[in-house]
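*Asks:* 3D model of this:
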Amino acid sequence: MSPLVLAVLGASLTQVPPSTPPSPTPPATTATGEHFDFSPIDAAATEYLAKSGLPGAAILVIHHDKVLYERYYGSYDATTLVSIASASKWISGAAMIALQEAGKLDLDDPVAKYITEFASDPAHPRASITLRQCFNHTSALPPNLRSADSPTISMRQAAAAAATADLSGKPGTEFRYGGVSMRVAGACAEVAAGKKWRDLFEDSIGKPVGMTSTRWGRLELSQNPSPAGGASSTLRDYGRFLEMILGRGQIDGVRVLTEAGVAELLRDQTGGVPIARASVGRRAGDGKAKYGVGCWVEAKDANGETLTASSPGAFGFLPAVNMERGVGYIWMIEDKGRNRKKAKDLPDMAKVIRETVKAQLGAEMGTTPATPEPE
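*Replies:* Model prediction:
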């Protein structure tokens, strides 16, 4: 993020002590002199924290490479690291695209090319499962599998365990949101790159994007981190990832992904197959999946190009982008104790942020459901 913009915004973006409600926030001012009023977000976030009993929260709004709004509440500050749960899927998808662009793998490769257990019976449907299907939730592998989730085994061993699981049907015919398939794809990536997941992510996305605080697994000790939900990050780290996406693969003059690679990351990969497993909000409407390589496709243009995308996590971390307007936002909390379910009359932060961003910037930010996805 631009140091100049942060300096301009500094007075209004300071951390608020846990016992003191945030002071009224003046309109945000960019380095170009533009003024934006994000006070509705500030008021809703203050109310949210008071009613939920959570220790902290944070909000970031960016426009291309400029920070328009960054604010911390309660105990949170710029160094706060939270579990981002399913928001991990988006950055993992970007790593897969980077490996494809480096010629290490192809998303249409069968898993069996890298994990021999999937090739034991060429006539079995599991032999046809592709990396793309693993990352768009159409692989027919079970959403969760305890034998593949152990932190004491390798990702490769987890994939071997997944190869013994029953499939829900023919790969590519229905959408079942989960994490096992992405762990299988992660194991394939390790084989293809000749590196552990942490290292290949760091080399392909972490370092070039400047995500200096993002981590995988508990204390980074597990050899089997979950690409679907195992990352922790900070507001600014993930904000840099969104900046790279809005820059269509480029940040601070560094080319991380090609423009075509970002388009592939965001493109609906599902073919509109029916949703068999997802949140109630996602199953509403036409009941058809709209999902990219690790992210939800919220809206498309007339040509089928993705306009808005998001990747909300079960603990409340919510990132989203509008590619047409070059706008991104993050709402950051970590609610592992289910405070949101216990609290009454909580503001719908996704809705408040969407409406405020639309009013200030004319950017539609999709319709991300308030209910988290099943992990």
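
*Asks:* Count the residues that sit near Ser310.
*Replies:* 22 (other CB atoms under 10 Å). All C-beta spots, glycine's among them, are computed from the backbone N, C-alpha and C.

*Asks:* For it, give its distance to Ser120.
*Replies:* Separation of Ser310 from Ser120 (CB to CB, to the nearest Å): 38 Å.

*Asks:* cool, Ala58 as well?
*Replies:* 47 Å.

*Asks:* Which one's more surrounded, these two?
*Replies:* Set Ala58 next to Ser120 and count neighbours by other CB under 10 Å: Ala58 wins out with 25 against 12.

*Asks:* For the more buried one, give the beta-bridge partners.
*Replies:* With DSSP bridges applied, the residues forming beta bridges to Ala58 are Tyr72, Met332.

*Asks:* pretty sure it contacts Gly74?
*Replies:* No - applying CB atoms under 8 Å as the test, Ala58 and Gly74 come out as separate, 9.1 Å apart.

*Asks:* Counting neighbours, show which residues of stretch 181-197 come out buried.
*Replies:* 181-193, 195-197 (16 or more other CB atoms under 10 Å).

*Asks:* State the pair within those residues that is farthest apart.
*Replies:* Farthest-apart pair in the buried residues of stretch 181-197 is Ser181 and Lys195; separation 20.5 Å (CB to CB).

*Asks:* pretty sure Ile333 is touching Pro55, no?
*Replies:* No - applying CB under 8 Å, one finds Ile333 not in contact with Pro55, separated by 9.1 Å.

*Asks:* Give me the more crowded residue out of the two.
*Replies:* Between Ile333 and Pro55, Ile333 has the larger neighbour count (other CB under 10 Å), namely 26 against 15.

*Asks:* Need phi/psi at that one.
*Replies:* Per-residue torsions, Ile333: phi -140, psi 170 (degrees, to the nearest 10).

*Asks:* Mind checking what secondary structure the nearest residue to it once chain neighbours are set aside has?
*Replies:* Spatially, and ignoring its direct neighbours in sequence, Ile333 is nearest to Gly316 (3.8 Å; CB to CB, 6 or more residues apart in numbering). Of the three states, Gly316 takes coil according to DSSP: H, G, I helix; E, B strand; the rest coil.

*Asks:* wouldn't Gly316 be in contact with Asp335 here?
*Replies:* Yes - using CB under 8 Å, Gly316 is in contact with Asp335, at 4.6 Å.

*Asks:* Just give the nearest non-adjacent residue to the residue nearest the centre of the chain, would you?
*Replies:* Geometric centre of the chain, nearest residue: Ala87, 2.7 Å, by CA atoms, centre = their mean. The shortest distance from Ala87 to any residue other than its chain neighbours is 4.3 Å, reached at Gly313 (CB to CB, 6+ apart).

*Asks:* Let's verify the one you found: helix, strand, or coil?
*Replies:* Going by three-state DSSP: Gly313 is coil.

*Asks:* was I right about it contacting Ile91?
*Replies:* No - under the criterion of CB under 8 Å, Gly313 is not in contact with Ile91, lying 11.4 Å apart.

*Asks:* Can you tell me the element Leu99 falls in?
*Replies:* Using DSSP states H and E, Leu99 sits within helix 88-101.

*Asks:* Name the residues of that helix that are buried.
*Replies:* By neighbour count on 16+ other CB under 10 Å, the buried set for helix 88-101 is 88-101.

*Asks:* Packing partners of it?
*Replies:* Contacts defined by 3 or more CB pairs under 8 Å, 6 or more residues apart in numbering; DSSP states H and E place helix 88-101 against helix 131-135, helix 180-193, helix 197-201, strand 231-233, helix 235-246, helix 259-266.

*Asks:* Can I get it in PDB? Just the C-alpha atoms.
*Replies:* Extracted C-alpha coordinates of helix 88-101, given in PDB (Å, rounded to 0.1, in the frame of the first residue of the first chain):
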ATOM      1  CA  SER A  88      -7.300 -19.200   2.600                       C
ATOM      2  CA  LYS A  89      -8.900 -20.700  -0.500                       C
ATOM      3  CA  TRP A  90      -8.400 -17.500  -2.600                       C
ATOM      4  CA  ILE A  91      -4.700 -17.100  -1.900                       C
ATOM      5  CA  SER A  92      -4.200 -20.900  -2.400                       C
ATOM      6  CA  GLY A  93      -6.000 -20.600  -5.800                       C
ATOM      7  CA  ALA A  94      -3.600 -17.800  -6.700                       C
ATOM      8  CA  ALA A  95      -0.700 -20.100  -5.900                       C
ATOM      9  CA  MET A  96      -2.100 -22.800  -8.200                       C
ATOM     10  CA  ILE A  97      -2.400 -20.300 -11.000                       C
ATOM     11  CA  ALA A  98       1.200 -19.200 -10.400                       C
ATOM     12  CA  LEU A  99       2.400 -22.800 -10.700                       C
ATOM     13  CA  GLN A 100       0.400 -23.200 -13.900                       C
ATOM     14  CA  GLU A 101       2.000 -20.100 -15.300                       C
END
